[in-house]
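>>> sequence below, structure please.
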Amino acid sequence: MVAAVANPQQKRLTIAVEAIAEEVTTIRSLDWDRDRFDIEFGLQNGTTYNSFIIRGDKTALVDTSHAKFRELYLKTLTGEIDPKTIDYLVISHTEPDHSGLVRDVLELAPQATVVGAKVAIAFLEDLVHRPFERLIVKNGDTLELGNGHTLEFVSAPNLHWPDTIFTYDHKTGILFTCDAFGMHFCSDATYDEDLEVLSPDFRFYYECLMAPNARSVLAAMKRMDALPPVNMIATGHGPLLRYNVAELTGRYQRWSQEKTKAEDLVAVFYVSDYGYSDRLSQALARGITKTSVAVEMMDMRSADPQEVTELVNRAKGLVIGLPPASGPIANETQATLGTILAAVNGKQTVGLFESYGGNDEPIDPLANKFQDLELAAAFAPLRVKDTPSEALYQRCEEMGTDLGQALAQAGKMKKLKSLDADLEKALGRISSGLYIITAQKGERSGAMLASWVSQASFQPLGFTVAVAKDRAIESLMQVGDTFVLNVLEEGKHLPLMKHFLKRFAPGADRFAGVRTRPATNGSPILADALAYLECDVTSRMEVSDHWIVYCTVQDGKVSHPDGLTAVHHRKVGNYY
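Residues are numbered from 1 along each chain as shown. Below is the predicted model of the structure:
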């Protein structure tokens, strides 16, 4: 392995080069300290941007890198291969973290033919601003490189951009998948040897980026089944999958099947590559998927009218990012907007948001049209006038969660009533304490009343807490995150309990009117709590509707030594 280093002391940006199969080399751009991806998703272990060279009689470069790696990547690429010998530049999708250096590569290799889906080529014209040779490919198309390297393309739209394709090399059995099956995890290890260490990041990545497109995941995996055996998955982020291909693809299959079994569905329409439409829609979709409601996302720029009508007819809720009112993108999206309006019915719920594109369709006239059609408002129209912040993305996620909870409420009550009365009363006799979990990460904060808390270990000192999947604070309790467990005091717990039992509006300050001070880890300590513990999230275990979060304790203090923990007794065991 050869590595180029941008800053050896801080080890912030490095490049690693390694042969991964016969005539196949990876150039991995390692972003060690990146702690946020598209602002809304916090990272614990940095990330990588992976690029690949396939050498047959002809040479193909699969994907490039992030613009922050321009000098390092281009120096490494030209040291590895003469750019004038690159015949094809395969674009898995046009998201900037993979295509940020396409223009630079084409300046070095103007003879290269750009290979991509029809939508990707159209997007690249706006990105590159120079003529280039192109080859549009669709599912099942092949490209001969010679010496046994036959590339076969697999259509995988919406994973997680509308223009995504996979590329399969028949000689090596490597499947190049860009975002799919990847993870934000930066390490010196090229491959996925340590499954236990990687699993939390693999799951978090799926939940953030792939869960809102679960139906598209299954469609892409069905197309993958038609390929010969896949020996390795060369991902766009994180380690390459070599040792656990069957296990990790099986998880994608299982998780996606679970997501698509939901009885209720929300359709999220966005405009790719316009303002912040895609990122805002992703945050909203992420919030919805935390509930028992399924999500399907559709790019209004490339949507087929028949598919739009079919999706709207199946959906109980609609979320729409406003397209531009004029210009080339408007010409591509206005027909889709008209199709949506023609397909809606009065039993649906709709939410609208502006994307900070600078030329958005006016939001009020469209909201009035939906109101005239007797559609319920999922939330007040979201008007984004400035560059979105962490707090805004958190608000979007909470808005999505509220929408999902509202749609799922009827089915939830039906399930609650189905449990045997004696059984639910017996289960309710399991008593528990009363606690408030508080967390702060950057601009994002959260709080939750908790009762399912139990000490779990002596060495190290640790406990578990059960967090419902649809709780807003769940996003702040990933492995590596920190928080404070505030213990409520018997006889003095009601004010805090009532405050945090309230239903907060998305983005509302949960600590308004409550006395707090910051803990060492930055999370709020409640001044009126009996005791507090500063905690690190060490691991998480998934159960049907909750996460069991195991935490280790770093610090703590009792405010009133003679005080007792408030205890909670339920009459039944099938709801809080």
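
>>> how far does stretch 123-133 sit from the chain's center?
Offset of stretch 123-133 from its chain centre (CA atoms, centre = their mean, to the nearest Å): 28 Å.

>>> for that stretch, measure first residue to last.
One end of stretch 123-133 sits 14 Å from the other (CA to CA, to the nearest Å).

>>> pull the CA atoms of stretch 235-248 into PDB?
Taking C-alpha atoms only, stretch 235-248 is exported to PDB below (Å, rounded to 0.1, in the frame of the first residue of the first chain):
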ATOM      1  CA  THR A 235     -18.100   0.600  -2.300                       C
ATOM      2  CA  GLY A 236     -17.800   4.300  -2.600                       C
ATOM      3  CA  HIS A 237     -17.500   4.900   1.100                       C
ATOM      4  CA  GLY A 238     -15.700   2.900   3.800                       C
ATOM      5  CA  PRO A 239     -14.000  -0.500   3.600                       C
ATOM      6  CA  LEU A 240     -14.600  -2.700   0.600                       C
ATOM      7  CA  LEU A 241     -16.700  -5.800   1.300                       C
ATOM      8  CA  ARG A 242     -14.600  -8.900   0.800                       C
ATOM      9  CA  TYR A 243     -15.100 -11.100   3.800                       C
ATOM     10  CA  ASN A 244     -18.800 -10.500   4.600                       C
ATOM     11  CA  VAL A 245     -20.500 -10.000   1.300                       C
ATOM     12  CA  ALA A 246     -23.300 -12.500   1.900                       C
ATOM     13  CA  GLU A 247     -23.900 -11.300   5.500                       C
ATOM     14  CA  LEU A 248     -24.000  -7.600   4.700                       C
END
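
>>> per-residue pLDDT, the most centrally placed residue in the chain?
Against the mean C-alpha coordinate of the chain, by CA atoms, centre = their mean, the closest residue is Cys208 at 1.7 Å. On pLDDT, Cys208 comes in at 86.

>>> state the phi and psi torsions of it.
Dihedral angles of Cys208 (phi, psi; degrees, to the nearest 10) stand at phi -70, psi -40.

>>> wait, it sits on Arg286?
Yes: the pair Cys208 / Arg286 is scored as a contact, 5.9 Å apart, by CB atoms under 8 Å. All C-beta atoms are positioned from the backbone trio N, CA, C, and that covers glycine.

>>> any idea how far Arg28 is from the residue nearest to the centre of the chain?
As for Cys208, its distance to Arg28 is 21 Å (criterion: CB to CB, to the nearest Å).

>>> what does Arg517 give?
To Arg28, Arg517 is 43 Å away according to CB to CB.

>>> show me where the stretch 251-400 of the chain has strands.
Using DSSP state E, counting those that start in this stretch, the strands of the stretch 251-400 of the chain run over 265-270, 294-299, 317-321, 349-353, 376-377.

>>> now do the fourth one: distance to the chain's middle.
Here strand 349-353 is found 21 Å from its chain centre; the criterion is CA atoms, centre = their mean.

>>> check the shortest one too.
Mean C-alpha position of strand 376-377 versus that of the full chain (CA atoms, centre = their mean) differs by 26 Å.

>>> what pairs with it, parallel or antiparallel?
Using DSSP bridges, strand 376-377 pairs in its sheet with strand 349-353 (parallel).

>>> average pLDDT for the strand it pairs with?
Rounded mean pLDDT across strand 349-353 is 95.

>>> oh, and call the first residue 26 from now on, that's how I've got it
Understood, numbering begins at 26; the last thing we discussed is strand 374-378.

>>> what angle separates it from strand 342-346?
Orientation check (axes from the mean of the first three to the mean of the last three CA atoms, to 10 degrees): strand 374-378 against strand 342-346 gives 10 degrees.

>>> quick one: residues in contact with strand 374-378.
If you take CB atoms under 8 Å, 6 or more residues apart in numbering as the criterion, strand 374-378 is touched by 305-306, 309, 341-347, 369, 388, 391-392, 395, 400-404, 406-409, 421, 424, 428, 431-432.

>>> now, of the residues you listed, which are buried?
Neighbour-count burial (16 or more other CB atoms under 10 Å) applied to the contacts of strand 374-378 gives 305-306, 309, 341-347, 369, 388, 391-392, 395, 400, 403-404, 407, 409, 421, 424, 428, 431-432.

>>> ok so, going back, ok, Arg542 and Arg53, which is more surrounded?
Arg53 (26 against 9; other CB atoms under 10 Å).

>>> distance of the closest residue to that one other than its chain neighbours relative to Asp298?
Take Arg53 and drop its neighbours on the chain: the residue closest to it by CB to CB, 6 or more residues apart in numbering is Ala41, 4.6 Å away. Plainly put, Ala41 is 30 Å away from Asp298 if you go by CB to CB.

>>> same thing with Leu97?
Using CB to CB, Leu97 is found at 26 Å from Asp298.

>>> how does the chain divide into domains?
27-283, 288-433, 454-593 (automatic domain parsing).

>>> returning to that earlier point: wait, which of the strands of the stretch 276-425 of the chain is closest to Glu47?
Nearest to Glu47 among the strands of the stretch 276-425 of the chain is strand 319-324; the distance by CB to CB comes to 37.3 Å.

>>> ok, that closest one: who's next to it in the sheet?
strand 290-295 (parallel).

>>> CA atoms only: put the strand it pairs with into CSV for me.
C-alpha atoms of strand 290-295 as CSV (Å, rounded to 0.1, in the frame of the first residue of the first chain):
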residue,chain,number,x,y,z
LEU,A,290,-46.7,5.0,2.8
VAL,A,291,-45.4,8.5,2.3
ALA,A,292,-44.2,9.7,-1.1
VAL,A,293,-41.4,12.3,-0.9
PHE,A,294,-40.9,14.3,-4.1
TYR,A,295,-37.7,16.4,-4.5
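
>>> now it: average pLDDT?
Computed over strand 290-295, the average pLDDT equals 94.

>>> chain center to that strand, what's the gap?
Worked out by CA atoms, centre = their mean, strand 290-295 lies 15 Å from the chain centre.

>>> what do you get for stretch 37-54?
Averaging C-alpha positions (CA atoms, centre = their mean) puts stretch 37-54 25 Å from its chain's average.

>>> can I get the domains of the chain in JSON lines including distance to Leu448?
What follows is the domains of the chain, written out as JSON lines (distance: least, CB to CB, whole Å):
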{"stretch": "domain 27-283", "distance to Leu448": "25"}
{"stretch": "domain 288-433", "distance to Leu448": "22"}
{"stretch": "domain 454-593", "distance to Leu448": "11"}
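
>>> of all these, which one is nearest Asn599?
Asn599 sits nearest to domain 454-593 of all these, at 11.0 Å, using CB to CB.

>>> ends of the closest one, how far apart?
10 Å.

>>> now do that domain, average pLDDT.
The average pLDDT within domain 454-593 is 93.

>>> skipping adjacent residues, who's closest to Ser180 in space?
Asn164 (3.7 Å).

>>> please, where are all the helices along this protein?
Remark: helices assigned in the chain by DSSP state H are 95-105, 121-124, 127-133, 143-153, 220-230, 239-249, 270-285, 302-314, 330-339, 353-368, 388-397, 415-443, 446-452, 519-526.

>>> would you mind finding the most buried of those?
Most buried of the helices of the chain, by mean neighbour count (mean count of other CB atoms under 10 Å): helix 302-314, with a mean of 27.

>>> packing partners of it?
On a contact count with 3 or more CB pairs under 8 Å, 6 or more residues apart in numbering; DSSP states H and E, helix 302-314 meets strand 290-295, strand 319-324, strand 342-346, strand 374-378, helix 415-443.
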